[in-house]
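Visitor: I would like the atomic coordinates for the input below:
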Amino acid sequence: MSTPNENSALLVMDLQQGVVDRIPDKDVYLARARATVEGARRKAVPVRFVVVGFRPGMPEVSPRNKAFTSHRQQASMLLTDPRPAIAPEEGDLVVTKRRVSAFAGSDLEVVLRSGDVHHLVLCGFATSGVVLSTLREAADRDYRLTVLSDLCADPDPEVQRVLLEKVFVRQAEVVTSEQWLHSLG
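Guide: Predicted structure coming up:
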């Protein structure tokens with residue numbers, strides 16, 4: 001396992017009100033996520049929450065966008081409460097995206113570049129959505145990547161397994177949250 005450095009940031013993605021209820025074993029997952037966020041803060045690793053959000057009437061959603069138009073009612077829920085399910089603290093940032101990838105329609109790249117971040121530690125829901133899309137785009141932007149396997153969740157267990165065991169390992173280090181926290185020293 002590589003040694004984390006001061007150029008890392010933990011991206012906690014799409015764990016917001018209205019989304020977390022879809023996570024299997026939600027309470028166990030959120031407890032582990034909170035412990036990981038707190039551990040990152042203690043080790044001075046910046047925490048960046050990424051949420052999806054739209055303006056009233058969702059003008060950002062094209063009728064050609066199958067993913068968002070088919071979930072228009074759920075997306076409308078996100079308008080009313082886009083807050084992360086884990087409360088951000090002073091020093092944490094909340095980035096709002098407009099598509100699946102954390103980079104799409106957000107100022108995430110500017111925030112990371114301004115903080116001289118070169119290593120992204122990814123977790124969130126869904127593995128086949130925000131985690132996959134963000135990992136691919138971050139790899140193309142030459143970030144070093146770590147995926148926290150036990151803090152990725154997906155509605156389809158087989159898709160989850162294939163992504164974590166076969167796809168992500170090609171572009172990222174895949175470890176548990178406990179392994180990652182332990183590597184911080």
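Visitor: the longest helix in this structure is where?
Guide: helix 26-42 (DSSP state H).
Visitor: Please, where are all the strands along this structure?
Guide: Here the chain has its strands, by DSSP state E, at 8-13, 47-52, 93-97, 119-125, 144-153, 173-175.
Visitor: what residues does the fifth one touch?
Guide: Outside of strand 144-153, the residues that reach it under the criterion Cβ atoms under 8 Å, 6 or more residues apart in numbering are 2, 4, 23-24, 29, 32-33, 36, 118-127, 131, 135, 138-139, 160, 163-164, 168, 171-178, 180. Using the backbone N, CA and C atoms, a C-beta is placed for each residue, glycine as well.
Visitor: Please check those and keep the buried ones.
Guide: For these, a neighbour count by 16 or more other Cβ atoms under 10 Å gives the buried set as 4, 23, 29, 32-33, 36, 119-127, 131, 135, 138-139, 160, 163-164, 168, 171-175, 177, 180.
Visitor: quick one, phi/psi of residue 176?
Guide: The phi and psi values for residue 176, taken as degrees, to the nearest 10, are phi -80, psi 160.
Visitor: Any regions of this protein where pLDDT drops low?
Guide: Along the chain, the model assigns pLDDT under 70 to residues 1-6, 55, 58-63, 65-82.
Visitor: Tell me which residue is most central in it.
Guide: Closest residue to the average C-alpha location of the chain: residue 13 at 2.4 Å, with Cα atoms, centre = their mean.
Visitor: ok, now which ones touch that residue?
Guide: Contacts of residue 13 (Cβ under 8 Å, 6+ apart): 49-50, 102, 122-125, 130-131, 134.
Visitor: Now compare those and name the two farthest from each other.
Guide: Largest separation among those by Cβ to Cβ: 49 and 131, giving 14.3 Å.
Visitor: still on that earlier bit, out of the strands of the chain, which comes closest to residue 108?
Guide: Across these, residue 108 has its closest neighbour in strand 93-97 (4.9 Å, Cβ to Cβ).
Visitor: Name the residues that touch the closest one?
Guide: Here strand 93-97 makes contact (Cβ under 8 Å, 6+ apart) with 46-53, 82-84, 88, 102-108, 111.
Visitor: 7 Å instead?
Guide: Identification of contacts with strand 93-97 by Cβ atoms under 7 Å, 6 or more residues apart in numbering yields 48-53, 82, 84, 88, 102, 104-108, 111.
Visitor: repeat for stretch 132-143
Guide: The contact list for stretch 132-143, computed with Cβ under 7 Å, 6+ apart, reads 11, 13, 100-103, 118-120, 122, 145, 147, 163, 168, 171-172.
Visitor: From those residues, pick the one nearest residue 41.
Guide: Nearest member of these to residue 41, counting by Cβ to Cβ, is residue 11, at 14.1 Å.
Visitor: burial count for the closest one?
Guide: By other Cβ atoms under 10 Å, the residues close to residue 11 number 24.
Visitor: Please give me every residue in contact with it.
Guide: By Cβ under 7 Å, 6+ apart, the contact list for residue 11 reads 48, 50, 102, 120-122, 134.
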